[in-house]
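Undergrad: Dropping the sequence and predicted coords here.
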Amino acid sequence: MDGEKIIDESKQGLATMTIGLQQNTKKVYIESYGCQMNINDSEIVASILKGKGFNTTDDMKAADLILVNTCSIREKAEQTVRKRLEKYQSIKKINPKLKIGVMGCMAERLKAKFLEEEQMLDLVVGPDAYRDLPHLIEEVADGKEAVNVLLSKEETYADIAPVRLNSNGVTAFVSITRGCDNMCTFCVVPFTRGRERSRDPKSIIKEIQDLKDQNFKEVTLLGQNVDSYLWFGGGLKKDFDKASQEAQKNAVDFAQLLDMCATTFPEMRFRFSTSNPQDMKLDVLHSMAKHKNICKYIHLPVQSGSSSVLKRMNRQHTREEYIELIDNIRKILPGCALSHDIIAGFCGETEAEHKDTLSLMEYVKYDFGFMFAYSDRPGTPAHKNMADDVPHETKKRRLNEIIALQQKHSLLRMKKFIGQEVEVLIEGDSKKSNQYWKGRNSQNAMVVFPKTGHEKPGDFVQVKIEDCTSATLLGKVKSK
Ligand code: 5AD
Ligand code: SF4
């Protein structure tokens with residue numbers, strides 16, 4: 001996504017995380033829903049609370065505090081969180097001392113209203129207010145209501161070393177920007193995460209160095225819109241023009257940041273997410289081409305293949321401009337994998353416009369895709385100004401057509417690897433069997449292969465691909 005890329009659309013069920021820290025007396029249980037950014041934010045929250053007396057627990061019944069990091073991107077994501085709140089509230093009936101807090105996008109969207117809606121909720125904290133959590137927890141202990149949903153011009157949590165949650169010890173997320181200035185009409189993110197700001201490259205490099213020292217091998221640079229990264233001494237991106245000439249001259253953009261990361265850490269592998277077509281400059285593609293350790297994979301949401309729908313979505317590019325960017329990627333980065341986000345059934349979408357989406361997919365033949373039925377979000381420009389008029393059944397049918405076509409293309413792309421030798425970073429045991437490793441190649445394809453007894457997680461190995469499904473490559477380690 002531009003921004004809120006959801007990891008997997010079972011995606012709403014998302015990553016549940018718990019952490020174990022020592023020497024503190026209180027216990028917090030943290031659960032995270034939504035995008036990779038939220039997972040990273042929960043790691044920041046764990047770090048803030050670690051310094052304030054909180055151990056973490058994976059047993060919510062043993063917790064003094066339950067925090068749920070929430071997503072508002074689609075209605076279904078919010079429904080999932082409401083169901084979880086019912087579960088926590090049932091625990092509070094047994095343990096009345098338990099405090100329950102909501103963080104993230106739903107907290108920002110619903111603000112103090114959330115406390116009225118959910119009787120047993122104690123604390124509401126928005127994405128830019130996590131430093132205030134220790135104070136808010138004290139307020140709650142004093143029996144007060146605690147709400148902080150202030151959005152910030154500066155906050156990037158640059159100085160906070162995240163506590164890695166549920167980590168495989170091999171791959172980690174590092175946030176580089178927060179917020180989004182794009183104002184796509186369907187999207188709630190600009191309202192819940194505020195205006196765009198970038199993080200000091202020095203603090204990014206320091207965090208990666210810490211990860212390297214802990215033996216991590218891959219970093220995904222995260223932002224709602226990474227291509228829009230611009231460091232000029234701090235503050236909102238939109239205020240760049242007001243910065244001093246000196247600050248403007250010394251500014252660091254995303255292509256330069258990528259170059260800096262890849263050069264400083266030649267033995268680490270880099271990914272990034274999410275790219276926005278209108279902001280992706282050719283310089284970024286050249287940085288990718290220059291460095292072997294920048295993975296050849298771009299998540300490039302298009303949302304629709306129809307220029308008229310793109311216009312209604314306030315996407316700042318046409319179908320033709322997107323195709324031109326794809327052609328440049330193919331030229332500068334041959335073999336680079338591509339994935340998309342697509343929304344089916346946006347306001348006023350006609351059958352012809354839907355067919356434009358299918359034909360764009362045929363043109364690109366994406367390796368992966370994240371596909372959604374349009375969900376009307378209160379507060380967005382689309383909600384205010386357009387009718388959510390595509391019938392539910394039509395949305396569902398169009399979505400199914402998009403999913404079926406993507407599955408065909410995924411299989412086609414995966415089949416191309418058969419017979420090839422690919423470099424894989426081992427992440428851990430495969431889901432189905434501990435006799436097999438799983439890891440990803442540069443193009444982000446999941447690769448599964450039998451253990452030989454000579455490899456371990458964190459190793460880069462050469463794997464000869466022998467077979468595939470539309471989601472997984474199967475192979476054998478090439479003997480040295
Ligand atoms: N309805 C459906 N999908 C949405 N997305 C964002 N807002 C909505 C919405 N209102 C999708 C976009 C985005 C991805 C993360 O979620 O495709 O890129
Ligand atoms: Fe992505 Fe557009 Fe939402 Fe920004 S407003 S997070 S670019 S979908």
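TA: Looks like it came in fine. Ligands and ions are numbered 1, 2, ... in the order given.
Undergrad: mind saving the C-alpha coords of stretch 63-81 as CSV?
TA: C-alpha atoms of stretch 63-81 as CSV (Å, rounded to 0.1, in the frame of the first residue of the first chain):
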residue,chain,number,x,y,z
ALA,A,63,-1.4,-9.0,32.3
ASP,A,64,-1.8,-5.7,34.3
LEU,A,65,-2.2,-3.9,31.0
ILE,A,66,-3.5,-5.0,27.6
LEU,A,67,-2.6,-2.8,24.6
VAL,A,68,-4.0,-3.4,21.2
ASN,A,69,-2.4,-1.6,18.2
THR,A,70,-5.2,-1.0,15.7
CYS,A,71,-5.9,-0.5,12.0
SER,A,72,-8.7,1.6,10.4
ILE,A,73,-7.9,1.0,6.8
ARG,A,74,-11.1,-1.0,6.1
GLU,A,75,-14.2,-1.6,8.1
LYS,A,76,-13.4,-5.2,8.6
ALA,A,77,-10.1,-4.3,10.3
GLU,A,78,-12.0,-2.3,12.9
GLN,A,79,-14.6,-5.1,13.4
THR,A,80,-11.7,-7.5,14.2
VAL,A,81,-10.4,-5.1,16.9
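Undergrad: Is any residue of that stretch near ligand 1?
TA: Yes. Stretch 63-81 lies within reach of ligand 1 by CB under 6 Å from any ligand atom, at 73-74. C-betas here are computed from N, CA, C, even on glycine.
Undergrad: Figure out the helix or strand that I30 lives in.
TA: strand 26-32 (DSSP states H and E).
Undergrad: Name the nearest residue to A62, sequence neighbours excluded.
TA: K27 (5.8 Å; CB to CB, 6 or more residues apart in numbering).
Undergrad: In contact with that neighbour, which residues?
TA: Residues in contact with K27 (CB atoms under 8 Å, 6 or more residues apart in numbering) are 54-57, 62-65.
Undergrad: One more pass at 6 Å, please.
TA: 55, 57, 62-64 (CB atoms under 6 Å, 6 or more residues apart in numbering).
Undergrad: tell me the pLDDT at it?
TA: pLDDT, K27: 93.
Undergrad: Next one: it from T56, what distance?
TA: Noted for K27: a distance of 7 Å to T56, by CB to CB, to the nearest Å.
Undergrad: Just checking the helix or strand that the strand holding I30 is followed by against ligand 1, any contact.
TA: Proceeding C-terminally, strand 26-32 gives way to helix 36-50 as the next helix or strand, assigned by DSSP H and E. No. With CB under 6 Å from any ligand atom as the criterion, ligand 1 is not reached by helix 36-50; the gap is at least 10.4 Å.
Undergrad: What is the worst-scoring helix or strand of the chain on mean pLDDT packed up against?
TA: The weakest-scoring helix or strand in the chain, judged by mean pLDDT, DSSP states H and E, is strand 54-56 (a mean of 86). Packing contacts for strand 54-56, counted by 3 or more CB pairs under 6 Å, 6 or more residues apart in numbering; DSSP states H and E, involve strand 26-32.
Undergrad: how does this protein divide up, domain by domain?
TA: Per the record, the chain has its domains at 9-148, 168-295, 297-416, 421-477, by automatic domain parsing.
Undergrad: closest to A158 out of these?
TA: Closest to A158 of the domains of the chain, according to CB to CB: domain 168-295, at 3.9 Å.
Undergrad: Quote the end-to-end distance of the closest one.
TA: End-to-end distance for domain 168-295, by CA to CA, to the nearest Å: 19 Å.
Undergrad: From the chain's centroid, how far away is it?
TA: How far domain 168-295 lies from its chain's middle: 13 Å, per CA atoms, centre = their mean, to the nearest Å.
Undergrad: hmm, stretch 384-396 in reach of ligand 1?
TA: No. Stretch 384-396 is not in contact with ligand 1 by CB under 6 Å from any ligand atom; minimum separation 9.5 Å.
Undergrad: can I get the CA coordinates of that stretch in PDB?
TA: Provided in PDB are the C-alpha atoms of stretch 384-396 (Å, rounded to 0.1, in the frame of the first residue of the first chain):
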ATOM      1  CA  LYS A 384     -17.900  13.000   2.000                       C
ATOM      2  CA  ASN A 385     -18.200  13.600  -1.800                       C
ATOM      3  CA  MET A 386     -18.900  10.300  -3.600                       C
ATOM      4  CA  ALA A 387     -21.500   7.600  -3.400                       C
ATOM      5  CA  ASP A 388     -20.400   4.100  -2.500                       C
ATOM      6  CA  ASP A 389     -22.600   2.900  -5.300                       C
ATOM      7  CA  VAL A 390     -21.100  -0.300  -6.600                       C
ATOM      8  CA  PRO A 391     -23.400  -3.100  -5.300                       C
ATOM      9  CA  HIS A 392     -21.800  -5.500  -2.800                       C
ATOM     10  CA  GLU A 393     -22.200  -8.500  -5.100                       C
ATOM     11  CA  THR A 394     -20.600  -6.600  -8.000                       C
ATOM     12  CA  LYS A 395     -17.600  -5.600  -5.800                       C
ATOM     13  CA  LYS A 396     -17.200  -9.200  -4.700                       C
END
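Undergrad: Buried residues, it. List them.
TA: For stretch 384-396, a neighbour-count test (16 or more other CB atoms under 10 Å) marks 386, 388, 390, 394-395 as buried.
Undergrad: number of nearby residues for the residue in the stretch 251-400 of the chain positioned nearest to ligand 2?
TA: Proximity of the stretch 251-400 of the chain to ligand 2 (CB to the nearest ligand atom) peaks at N276, 5.2 Å away. By other CB atoms under 10 Å, the residues close to N276 number 23.
Undergrad: Okay then, goodbye and thanks.
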